[in-house]
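Colleague: Here is my input; please provide its structure:
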Amino acid sequence: MHGRVARYRYGGDAHDIARRAEEGVLPIFQAQPGFKAYSLLESEGEIISFSAWDSAASADAASALAAEWVAENMADEIELKEARIGEILFGTALGVSTKAGSAA
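Modeller: Take a look at the predicted model:
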């Protein structure tokens with residue numbers, strides 16, 4: 001399983017941004033093959049986005065979808081600082097474990 005993590009600078013209300021992402025980005029992600037999970041958090045003036053996918057290719061496709069949605073809907077409110085894709089080594093909420101044959 002792979003994850004996409006992105007950091008955004010933002011202006012305005014983080015809760016409003018999260019609500020709009022939940023209403024806009026989440027349905028787009030859910031419609032994509034390989035989607036597993038999506039979360040946002042706010043920390044030190046940044047919005048952190050995390051999504052989980054079956055494959056690196058699915059996570060990479062999600063980056064393009066997220067960028068397109070942000071450009072069309074929130075370009076004046078958030079700015080991408082960094083995005084990364086990597087293998088999820090373990091995750092309790094995702095059932096990914098380092099132990100062979102067991103769920104987290």
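
Colleague: Do a quick rundown of the helices in the protein.
Modeller: 14-30, 56-73 (DSSP state H).

Colleague: Make TSV from those and add distance to Glu42, mean pLDDT and mean neighbour count to it.
Modeller: Placement of C-beta: from N, CA and C, glycine included. Shown next, in TSV, are the helices of the chain (distance: least, CB to CB, whole Å; pLDDT from 0 to 100; neighbours: other CB atoms under 10 Å):
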stretch	distance to Glu42	mean pLDDT	mean neighbour count
helix 14-30	4	95	15
helix 56-73	16	93	16
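
Colleague: Ala61 touches Gln32, doesn't it?
Modeller: Yes: using CB atoms under 8 Å, Ala61 makes contact with Gln32 at a distance of 6.5 Å.

Colleague: distance between stretch 28-46 and the chain's centre?
Modeller: How far stretch 28-46 lies from its chain's middle: 3 Å, per CA atoms, centre = their mean, to the nearest Å.

Colleague: got it, and stretch 74-90?
Modeller: Using CA atoms, centre = their mean, the offset of stretch 74-90 from its chain centre is 7 Å.

Colleague: for that stretch, how far is the first residue from the last?
Modeller: This stretch, stretch 74-90, spans 32 Å end to end (CA to CA, to the nearest Å).

Colleague: in that stretch, what's buried?
Modeller: For stretch 74-90, a neighbour-count test (16 or more other CB atoms under 10 Å) marks Met74, Glu77, Ile78, Ala83, Ile85, Ile88 as buried.

Colleague: Correct me if wrong: Ala67 contacts Ile78.
Modeller: No: using CB under 8 Å, Ala67 is not in contact with Ile78; the gap is 11.1 Å.

Colleague: In the buried residues of stretch 74-90, find the pair that's most separated.
Modeller: Using CB to CB, the buried residues of stretch 74-90 span at most 28.7 Å, a distance reached by Glu77 and Ile88.

Colleague: Fine by me, thanks again.
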